[in-house]
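Q: only geometry, no sequence info:
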């Protein structure tokens, strides 16, 4: 009787412990996928903008105007946002007027009325994260697609959007700024599962091109410097899975850097509004193809054999052009 009772008690304890683990530890699940239904025989065109949400100030409106002009000429398929969508502290609630003041009422050009695929930046984590993730935002503006991490399948290319803010140690140590970590804690399992998801999805991908998008810099000559946590955790996955490019914001500038060992192209498009004039760090001139410390954006065209890059400033002037070919040898 005693033995049976102890066994039953033990089973009950195990069950409760298992239930507790299920409730508090994020489970490993495939990243949500979106499909862009284009013509694989036609080039894919899109714009990339980051660090933009300042209610039209710091030349945000001027950049938006030029994006509209280039978007029309390129007949773009969509827009990618690299995060820090609303300054200084994200959205405070689902019906925060900043959604209209910094997004809906700024990017009004007909060519920009395409889907915006969006990741979160560190400033977005200072607000209520769920306000940006809420499906109610898409009811206000059908363009808005924002998740922590997800995949966009555009046939010849797959984009892997990665939530980079939870990787950065200093945000968790901050005593001055509060971050919204709901949905992230416990941090260890969240990051571990995310890395496994990204690695698995990249390995399974049959797309001719693989591009990873995140907010934080990995290689940069800009103010923030390299994000060491991503160098340690994410870069090995990029290298292993033949990723062609990593696209980010965070540094308020435009950059094109080619890692000479891996061939990965690091593309910074964080010039959506406020820029940092004169902030540049030394970098190997063989790797640094463009550094522009001002406002602007990136235009990308992808075919089966080539990725064409064009960086524009806030007046629509071309700053830099380059191409990535299938053997990842750049034509700088």
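A: It's in. Just so we're clear, the structure is a prediction, and the values are computed from it rather than from any experiment. Numbering: from 1, shown residues only.
Q: now name the helix or strand holding residue 309.
A: Assigned by DSSP states H and E, residue 309 falls within strand 306-313.
Q: any chance you could map the strands in the stretch 51-200 of the chain?
A: 78-81, 116-118, 144-146, 150-153, 157-161 (DSSP state E, counting those that start in this stretch).
Q: please identify which of these is closest to residue 223.
A: Of all the strands of the stretch 51-200 of the chain, strand 78-81 sits nearest to residue 223, with 20.0 Å by C-beta to C-beta. Glycine gets a C-beta too; all of them are placed from N, C-alpha and C.
Q: ok, the closest one: who's next to it in the sheet?
A: strand 44-49 (parallel), strand 116-118 (parallel) (DSSP bridges).
Q: could the strands of the stretch 51-200 of the chain go into a markdown table alongside distance to residue 300?
A: Output for these, formatted as a markdown table (distance: least, C-beta to C-beta, whole Å):
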| stretch | distance to residue 300 |
| --- | --- |
| strand 78-81 | 8 |
| strand 116-118 | 13 |
| strand 144-146 | 18 |
| strand 150-153 | 13 |
| strand 157-161 | 9 |
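Q: quick check: angle from the strand holding residue 309 to strand 157-161?
A: Going by axes from the mean of the first three to the mean of the last three C-alpha atoms, to 10 degrees, strand 306-313 is angled at 50 degrees with respect to strand 157-161.
Q: run through who's touching strand 306-313.
A: Here strand 306-313 makes contact (C-beta atoms under 8 Å, 6 or more residues apart in numbering) with 66, 70, 209, 244-245, 254, 256, 265, 267, 269, 290, 292, 294-302, 318-326.
Q: pull out the buried residues from that strand.
A: In terms of neighbour count (16 or more other C-beta atoms under 10 Å), strand 306-313 has its buried residues at 307-313.
Q: check stretch 35-52 too.
A: Neighbour-count burial for stretch 35-52 flags 36, 43-52 (criterion: 16+ other C-beta under 10 Å).
Q: and residue 301, helix, strand or coil?
A: Put simply, residue 301 is strand when judged by DSSP: H, G, I helix; E, B strand; the rest coil.
Q: measure stretch 138-147 end to end?
A: Taking C-alpha to C-alpha, to the nearest Å as the measure, stretch 138-147 stretches 12 Å from start to finish.
Q: pull out the buried residues from it.
A: Buried residues in stretch 138-147, defined by neighbour count with 16+ other C-beta under 10 Å: 143-147.
Q: ok, back up a step: looking at the buried residues of stretch 35-52, which is nearest residue 274?
A: Nearest to residue 274 among the buried residues of stretch 35-52: residue 51, at 7.4 Å, using C-beta to C-beta.
Q: isn't that closest one right next to residue 252, touching?
A: Yes. Between residue 51 and residue 252 there is a contact at 5.4 Å, judged by C-beta atoms under 8 Å.
Q: find the residues that touch each one of those two.
A: Taking C-beta under 8 Å, 6+ apart as the criterion, residue 51 and residue 252 both touch 270-271, 273-274.
Q: which stretches of the stretch 51-200 of the chain form helices?
A: 60-74, 98-99, 129-133, 136-140, 169-173, 187-204 (DSSP state H, counting those that start in this stretch).
Q: a markdown table for those helices, including distance to residue 159 and mean pLDDT?
A: Shown next, in a markdown table, are the helices of the stretch 51-200 of the chain (distance: least, C-beta to C-beta, whole Å; pLDDT from 0 to 100):
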| stretch | distance to residue 159 | mean pLDDT |
| --- | --- | --- |
| helix 60-74 | 17 | 98 |
| helix 98-99 | 23 | 98 |
| helix 129-133 | 18 | 98 |
| helix 136-140 | 19 | 97 |
| helix 169-173 | 25 | 96 |
| helix 187-204 | 11 | 98 |
